[in-house]
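A.B. asks: from the sequence below, what's the structure:
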Amino acid sequence: MIGVETQEVERKELSILKILSESQEPLGARVLARRLKDYGVYLGERAVRYHLKLMDERGLTRLVSRDGRLITELGAEELGNALVRDKVGFAIARIELLAFRTDFDWEKRTGTIPVNISFFPKAKFARALQAMKPVFDAGICVSDLVAVAQGGEQLGELTVPENSIGLATVCSIVINGTLLKAGVPTDSRFGGILQIRNHQPLRFVELINYAGSSLDPSEVFIRARMTSVRDAAKAGNGKILANFREIPALCRPIAEKVVTELKDAGLGGLMVMGNTSEPVCEIPVELNRIGMVLIGGLNPVAAVEEAGIEAENYAMSTIMEYQKLKKFEEVTS
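C.D. replies: Got it, this is the predicted structure:
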């Protein structure tokens, strides 16, 4: 019994560390208690303060204001060395959470949509925009809607570091979330590298199962420089970030309507919707289900990395109000 209680305390503390690791500014007990609910951890402010006191004593967190804490290097190391059971399935859990939090209304053009956040060095942001432009022009993105913020400003729930500029790009989970609200369950299976030939999707050449990864596969592929998004945008031949989903075959009419309505609102992302039980881009599909290939939202950022400009990426990281986004061409003009 003691072991079970110890594991539960560890889970709560790891959740607190995870939230602190994603914040550039100190967080207090009230904010932490609210955000912990997203991780299925329900603690009152007093209980959060109790855990923070213990974590301060262990050097995992430090008090920097009246009630605000930051994660320490030791805390970041502890988080990185978390037990395997706390890591496995994290990516899929994040997808499901963001899908649930998506409440976009395509008729009113209001509500929240999921976004990826990337931080660029301020001095290199203009070059980064130039590297992204061909990708947006070629439509190798979920949407040409973006948001930009300066150091110290917010993008969703993340704060842009000083001397950096933040960019929010629409995440393909917007399709999951909108399908969910329409009553269509979506099975998010893989993130991968999709080979493009003559401007058409050919086959997946790399795959990472969401249920077995603690990181978004796109982040992994970008860091490993495994994409050639710029080539795909300019010549129609290359390797891009893409995702594989499945839905029940009976839901096809609803899914087609949702995809059409999203596209009208400037939110795309669907590359291929297969036929019942038939492979899509050489990926087998379960019986009585339909495979869907979605464009990865971080493709424009992958092109920046290919150009030698590093970015700090937080895929599937937060949600933003649809009306706060603007067209990419407005950012560059």
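
A.B. asks: need the strands for the stretch 51-200 of the chain, in chain order.
C.D. replies: Secondary structure of the stretch 51-200 of the chain by DSSP state E, counting those that start in this stretch: the strands cover 61-63, 69-71, 112-121, 145-150, 154-155, 158-159, 164-170, 187-197, 200-209.

A.B. asks: shaky segments in the stretch 201-333 of the chain?
C.D. replies: By pLDDT under 70, the stretch 201-333 of the chain contains no weakly predicted segment.

A.B. asks: Glu261 is nearest to which of the strands of the stretch 51-200 of the chain?
C.D. replies: Of all these, strand 112-121 sits nearest to Glu261, with 13.2 Å by CB to CB. (Glycine included, C-beta is placed from N, CA and C.)

A.B. asks: tell me the strands beside the closest one, with direction?
C.D. replies: strand 164-170 (antiparallel), strand 312-321 (antiparallel) (DSSP bridges).

A.B. asks: that one vs strand 145-150, what angle?
C.D. replies: Angle of strand 112-121 versus strand 145-150, following axes from the mean of the first three to the mean of the last three CA atoms, to 10 degrees, is 50 degrees.

A.B. asks: show the average pLDDT along strand 112-121.
C.D. replies: In this model, strand 112-121 has a mean pLDDT of 95.

A.B. asks: coming back round to it: export the strands of the stretch 51-200 of the chain to CSV and tack on distance to Arg225?
C.D. replies: Formatted as CSV, the strands of the stretch 51-200 of the chain follow (distance: least, CB to CB, whole Å):
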stretch, distance to Arg225
strand 61-63, 34
strand 69-71, 28
strand 112-121, 16
strand 145-150, 23
strand 154-155, 25
strand 158-159, 25
strand 164-170, 19
strand 187-197, 11
strand 200-209, 12
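
A.B. asks: could those be laid out in a markdown table, adding mean neighbour count and distance to Ala303?
C.D. replies: Output for the strands of the stretch 51-200 of the chain, formatted as a markdown table (neighbours: other CB atoms under 10 Å; distance: least, CB to CB, whole Å):
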| stretch | mean neighbour count | distance to Ala303 |
| --- | --- | --- |
| strand 61-63 | 18 | 37 |
| strand 69-71 | 22 | 31 |
| strand 112-121 | 26 | 12 |
| strand 145-150 | 20 | 14 |
| strand 154-155 | 19 | 20 |
| strand 158-159 | 20 | 22 |
| strand 164-170 | 25 | 12 |
| strand 187-197 | 22 | 13 |
| strand 200-209 | 16 | 17 |
